[in-house]
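J.: Below are the sequence and a predicted model for it; my questions follow.
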Amino acid sequence: MLKTRITLAPPERKELQSRARSRRGRADDAKRAKLILKLAAGHSYLRIMKSLECSQNYIVRWKDRFVEERIAGLYARHQGRAPSKDAARQEARILDYTRRGPDDGSTHWSTRKLARALRINHTKVSRVWARAGLQPHRLRRYLASDDPQFETKAADILGLYLKPPANAAVFCVDEKTAIQALDRLDPVLPLSPGRAERHGFEYYRHGTLSLYAALETRSGEILGKTAQRHTSAEFVAFLAQIAAHQPSGREIHIIADNLSAHKTKGVAEFLQSHPRMKLHYTPTYSSWLNQIELWFSKIQRDLIARGVFTSVADLSRKLMRYIRHYNKYPKPFKWSWRDISRRIRPTHVSSETVH
């Protein structure tokens, strides 16, 4: 069939062009599609061999299959190699060694290190790990709460997020401490095509600052204040600032962590003098329940991590400017559940959490 002219119907041409341009399909499928398109365009064998880096036998084989079966014939007939008889036992051995870890003092296996220990090819180790979803080079950390009342307190906090009391304001409050006012000694090289923004390695530390922030969960607005230190007196002053921004008589719920500065005698006296304000503590080691931590990570990425601050006053000014601009388009955080079977049921809470 060397002289057979290939003519493509419009649907066939469209399908072959889609396969040839695909970046997600198999490379060999794209190569066969390009071959048929070039043959249909009248390209010579020599020209196709150079452009596709293939042999004449390759061209003849796939041309014949296309003429006989059209697009349905453009699939590989290679049956693959039969699995070895001890494949299952070898795979179990690889998984067993992977979970036990190496005995040379290192903490985890690499594919080549395990392959040397088992006297097999490292690609087989890679395939077994891929099937089992094992990634020994990766590590994830976790922090487990040791609070015996974890579920009760978590339900209290989630209830304020999902079912807040009517006509009440809910604030997530915390302080971001020891924010460094770092000034770069070398000039910042700006972003340009093909080059990321560059900062000099050396810096000058002008001092540190603490940022008190309160996230209003319904609207997403931020109330902020900077302070030289994070003390109980500063925390009480910030609570007073929150109360001053709310209409008199409105019930205010404050979600805060278990920092000692949040549980002093001064805080208790302030709450007694402001009966409309209720303080809810998150369980121990459960800062993820406080939505203000999500906003702190945002300001860290947007401003603090790459910011250049000539003084502590400059740092304070830029932090407050960021908050003012953020409040022009605030956005509340939305919670979602991935595992419904492990869901903590939220509760209505209109009184102070008992500890």
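T.: Good, I have the coordinates.
J.: Quick one: classify residue 38 as helix, strand or coil.
T.: helix (DSSP: H, G, I helix; E, B strand; the rest coil).
J.: Count the residues that sit near it.
T.: 19 (other CB atoms under 10 Å). Using the backbone N, CA and C atoms, a C-beta is placed for each residue, glycine as well.
J.: Can you tell me, leaving aside adjacent residues, what's nearest to it?
T.: residue 48 (5.1 Å; CB to CB, 6 or more residues apart in numbering).
J.: who's in contact with the strand or helix carrying the one you found?
T.: If you go by DSSP states H and E, residue 48 is part of helix 45-52. Helix 45-52 is contacted by residues 31, 34, 35, 38, 39, 43, 54, 55, 56, 59 when judged by CB atoms under 8 Å, 6 or more residues apart in numbering.
J.: Kindly recompute the last result at 10 Å.
T.: Residues from elsewhere that reach helix 45-52 (CB atoms under 10 Å, 6 or more residues apart in numbering): 2, 31-32, 34-35, 38-39, 41, 43-44, 54-56, 58-60, 63.
J.: Report the next helix or strand after the lowest-mean-pLDDT helix or strand in the chain in sequence order.
T.: Sorting the helices and strands of the chain by mean pLDDT, DSSP states H and E puts helix 150-162 at the bottom, at a mean of 88. Per DSSP H and E, helix 150-162 leads on to strand 168-184 as the next helix or strand towards the C-terminus.
J.: in its sheet, what does that next one sit against?
T.: Using DSSP bridges, the strands paired with strand 168-184 are strand 203-216 (antiparallel), strand 251-256 (parallel).
J.: After the longest one, which helix or strand is next?
T.: Using DSSP H and E, the helix or strand that directly follows strand 203-216 along the chain is strand 222-227.
J.: Same question for the shortest one.
T.: Using DSSP H and E, the next helix or strand after strand 251-256 towards the C-terminus is helix 265-273.
J.: Show residues contacting that next one.
T.: Defining contact as CB under 10 Å, 6+ apart, one finds that helix 265-273 is touched by 231-233, 235-237, 239-240, 243, 254, 256, 261, 264, 277-279, 352.
J.: Give the burial count for residue 237, as a bare number.
T.: So residue 237, with other CB under 10 Å, has 15 neighbours.
J.: other SSEs contacting the helix or strand it falls within?
T.: If you go by DSSP H and E, residue 237 is part of helix 232-244. Using 3 or more CB pairs under 10 Å, 6 or more residues apart in numbering; DSSP states H and E, the elements in contact with helix 232-244 are strand 168-184, strand 203-216, strand 222-227, strand 251-256, helix 265-273, strand 277-281.
J.: Now do the third one, average pLDDT.
T.: Per-residue pLDDT over strand 222-227 has a mean of 93.
J.: pLDDT score for residue 165?
T.: For residue 165, the model assigns a pLDDT of 87.
J.: If you could redo that for residue 346, that was the one I meant.
T.: pLDDT at residue 346 comes out at 66.
J.: Next, count neighbours for the closest residue to residue 213 other than its chain neighbours.
T.: Spatial nearest neighbour of residue 213, excluding adjacent residues (CB to CB, 6+ apart): residue 224 at 4.8 Å. By the measure other CB under 10 Å, the count of residues near residue 224 is 21.
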